[in-house]
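**Q** sequence plus the predicted model coming up.
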Amino acid sequence: MKDVVRYLILSDLHANLDALDAVLADASGAWDRMLVLGDLVGYGAEPNQVVDRVRALKPIAAIRGNHDKAACGLDDGSQFNHVARLAAEWTGGQLTAGNREYLRQLPSGPIQVDALVEICHGSPFDEDQYIFDGHDASDALLTATRPLCLFGHTHLPVMFRALAETVQGSVPDPDVDTALRLESGARYLVNVGSVGQPRDGDPRAAYGIVDDGSREVRMRRVLYPVESAQRKILAAGLPASLANRLAIGR
Ligand code: ZN
C-alpha cells in the first residue's frame, strides 16, 4: 500500500516572513512534504529570511517565479511596473550570495510531483502567463498532465474544475475552511492564494494542503502581524504602497 502524503502548498511568499511564519505555525503537524510555487522574494522586506526558512524546510519541489528571476538577475525586470522594479532591485542588493544562487537554480515549472499533482507558477505552458478566468484555465488544461495542477502568480484563490469539455470556476469563501474533494475523471487547476501578498481583499495569508490519500485540497487563511511586515517595508526604504496594500489585501 502506498504511503499517504500531505503536501503543504506555498505560493507567492514575497519576502513576507511574518506571514510565512504564521502559515507554518498554523500548518504545523498537518503536512509531510512542502511544495513551493515561486515568488519567494520581491515586494517584502525579508528576502533572505524567507529563502533561509524555505531552504531549511527542504521542499521536495520548488519552482521560480517572475520576481525570483528578476531579483537574482536572470531577468531584467523590464516587464515590471515601477514599484515592482524598485523592489526587485532592492531585493537583488540584499540577497546573500548563497540565496541568490539558490534562486538562480530554481527550475521553471511545470514539475510533475506525483501521479496526482503538478505545480507551475503562472501556467503549465508559460511560467509568466496569468490564469484569471475559465478561458485562461481551458488553455492551461490543454498542457496540464496531472489531474491536479496547482498554480500561483495571480495571488487570487480560485478552483477550476474541468469535466469533458466544460470548465467551471469557483472562488472559495475565505471565511470558511474550503475542502475540495477531487472527483475521479475530472481535472483541476487550483490556486491556493498568496502567503505574502494576498490580493483578493482579505489581508490574511493564504495556503493550501493537498492530501493525496483522500484526494482533498484544503485552502486556509491565517491572521498574521501585518503591522510588523509593514514596519519592515518602510524601514527598508521600499515604496509605502507595498506596506499599505498588505493591510487591505490588494
Ligand atoms: Zn507573485
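**A** Now that the structure is in, tell me what you want to look at.
**Q** hey, let's count contacts and neighbours off CA atoms from now on
**A** Will do.
**Q** now for the longest helix anywhere in the chain, which elements pack on it?
**A** Counting by DSSP state H, the longest helix found in the chain is helix 82-94. Judged by 3 or more C-alpha pairs under 8 Å, 6 or more residues apart in numbering; DSSP states H and E, helix 82-94 is in contact with helix 47-56, helix 66-71.
**Q** what ranges do the helices span in the protein?
**A** Per DSSP H, the chain carries helices over the ranges 17-27, 47-56, 66-71, 82-94, 97-105, 134-143, 226-235, 240-248.
**Q** what about the nearest residue to Leu20 once chain neighbours are set aside, how many neighbours?
**A** Distances taken as C-alpha to C-alpha, 6 or more residues apart in numbering place Val195 nearest to Leu20, at 6.3 Å, with adjacent residues excluded. A count of neighbours around Val195, defined by other C-alpha atoms under 10 Å, yields 31.
**Q** do Asp21 as well
**A** If we define neighbours as other C-alpha under 10 Å, then Asp21 has 15 of them.
**Q** so what pLDDT did it get?
**A** At Asp21, the model reports a pLDDT of 98.
**Q** now do it against Ala164, distance only.
**A** To Ala164, Asp21 is 40 Å away according to C-alpha to C-alpha, to the nearest Å.
**Q** then Glu127?
**A** 25 Å.
**Q** which of those two has more neighbours?
**A** Neighbours were counted for Glu127 and for Ala164 using other C-alpha under 10 Å; Glu127 has more, 21 against 9.
**Q** give me phi/psi at the nearest residue in space to the more buried one that is not next to it in sequence?
**A** Closest residue to Glu127 apart from its sequence neighbours, by C-alpha to C-alpha, 6+ apart: His121 at 5.4 Å. Listed backbone geometry of His121 is phi -90, psi -60, with angles given as degrees, to the nearest 10.
**Q** quick one, grab the pLDDT at His121.
**A** On the pLDDT scale, His121 is placed at 98.
**Q** residues touching it, list them.
**A** By C-alpha atoms under 8 Å, 6 or more residues apart in numbering, the contact set of His121 is 37-38, 63-65, 108-110, 127-128, 151-153.
**Q** among these, find me the one that's closest to the ion.
**A** Closest approach to the ion among the contacts of His121 (C-alpha to the ion): His153, at 4.7 Å.
**Q** burial count for the closest one?
**A** Residues lying near His153 (other C-alpha under 10 Å) number 26.
**Q** for Gly44, same thing?
**A** 28.
**Q** low-confidence ranges in this protein?
**A** Across the chain, the stretches falling below the confidence threshold (pLDDT under 70) are 1-2.
**Q** just the buried residues of stretch 51-66, please?
**A** Residues of stretch 51-66 classed as buried by neighbour count (16 or more other C-alpha atoms under 10 Å): 51, 54, 59, 61-66.
**Q** pull the CA atoms of that stretch into PDB?
**A** Taking Å, rounded to 0.1, in the frame of the first residue of the first chain, the C-alpha atoms of stretch 51-66 are listed here in PDB:
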ATOM      1  CA  VAL A  51      14.600  32.000   1.500                       C
ATOM      2  CA  ASP A  52      16.500  30.700   4.500                       C
ATOM      3  CA  ARG A  53      13.300  29.400   6.100                       C
ATOM      4  CA  VAL A  54      12.200  27.700   2.800                       C
ATOM      5  CA  ARG A  55      15.600  26.100   2.300                       C
ATOM      6  CA  ALA A  56      15.700  24.800   5.900                       C
ATOM      7  CA  LEU A  57      12.400  23.000   5.400                       C
ATOM      8  CA  LYS A  58      13.700  21.200   2.300                       C
ATOM      9  CA  PRO A  59      10.800  21.400  -0.100                       C
ATOM     10  CA  ILE A  60      10.600  18.300  -2.400                       C
ATOM     11  CA  ALA A  61       9.800  20.600  -5.300                       C
ATOM     12  CA  ALA A  62      10.300  24.400  -5.600                       C
ATOM     13  CA  ILE A  63      10.000  26.400  -8.800                       C
ATOM     14  CA  ARG A  64      10.800  30.000  -9.600                       C
ATOM     15  CA  GLY A  65       8.500  32.900 -10.100                       C
ATOM     16  CA  ASN A  66       9.000  36.100 -12.100                       C
END
